[in-house]
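> Make a model of this:
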Amino acid sequence: MLTKIFITLFIVIGAVVYLRRGRGKKVPLASDNWEQPPLISKVVIYTTIALSMLVTAGYWCWSWYDDNTVVQVTISSPIEAMTASYQVRKKDIKEQRITTIDGIQIRLSSQERLTVKPLATP
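Take a look at the predicted model:
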């Protein structure tokens with residue numbers, strides 16, 4: 001995940017440097033009416049870059065917030081006819097294991113059933 005962020009930042013910084021420097025010096029011919037790109041195109045490019053960075057940051061923040069949401073997990077075992085409830089962060093629910101917010105790791109068998117509910121807010 002961190003690698004993707006660094007690669008994205010590297011590409012964005014490279015694009016900004018490329019846009020600021022230009023494409024190099026071109027010797028204008030007599031028939032060329034070479035002018036600077038219009039201001040509108042620069043505004044569109046910078047707006048697109050800013051908007052994509054904003055959307056990426058928003059998605060990243062929402063993903064972090066959602067992963068750290070605490071939920072109520074109820075484990076039901078049909079073999080022993082028992083149920084137990086724990087508070088767990090969403091990111092700590094794995095295939096065969098959960099880790100509670102207290103740091104207790106619980107390994108699950110293939111017969112146990114998990115029920116995930118949001119915590120009741122007072």
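
> Poorly predicted segments of the protein, please.
Low-confidence segments of the chain, defined by pLDDT under 70, are located at 22-37, 121-122.

> what ranges do the strands span in this structure?
For the chain, the strands defined by DSSP state E cover 70-77, 82-93, 97-100, 105-107, 113-118.

> Put together a markdown table for those, with distance to residue 45 on each row.
(C-beta placed from N, C-alpha, C; glycine too.) Formatted as a markdown table, the entries for the strands of the chain read as follows, by distance: least, CB to CB, whole Å:
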| stretch | distance to residue 45 |
| --- | --- |
| strand 70-77 | 42 |
| strand 82-93 | 36 |
| strand 97-100 | 45 |
| strand 105-107 | 49 |
| strand 113-118 | 42 |
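
> of all those strands, which lies closest to residue 6?
Using CB to CB as the criterion, the shortest distance between residue 6 and the strands of the chain is 21.2 Å, found for strand 82-93.

> Correct me if wrong: residue 69 contacts residue 89.
Yes - here residue 69 reaches residue 89: they are 6.9 Å apart, a contact under CB atoms under 8 Å.

> ok, now which ones touch the residue nearest the centre of the chain?
Residue closest to the mean C-alpha point of the chain, counted by CA atoms, centre = their mean, is residue 60 at 3.2 Å. With CB atoms under 8 Å, 6 or more residues apart in numbering as the criterion, the residues that contact residue 60 are residue 5.

> Distance check, it against residue 11.
16 Å (CB to CB, to the nearest Å).

> do the same with residue 65
On the measure of CB to CB, residue 65 and residue 11 end up 25 Å apart.

> what's the answer for residue 40, then?
Applying CB to CB, the value for residue 40 to residue 11 is 24 Å.

> show me what contacts residue 3?
Residues in contact with residue 3 (CB under 8 Å, 6+ apart): none are found.

> no no, residue 76
Each residue near residue 76 by CB under 8 Å, 6+ apart is listed here: 82, 83, 112, 113, 114, 115.

> I'd like to know which of those are buried.
residue 112 (16 or more other CB atoms under 10 Å).

> Can you tell me which of the contacts of residue 76 is closest to residue 21?
residue 114 (55.1 Å).
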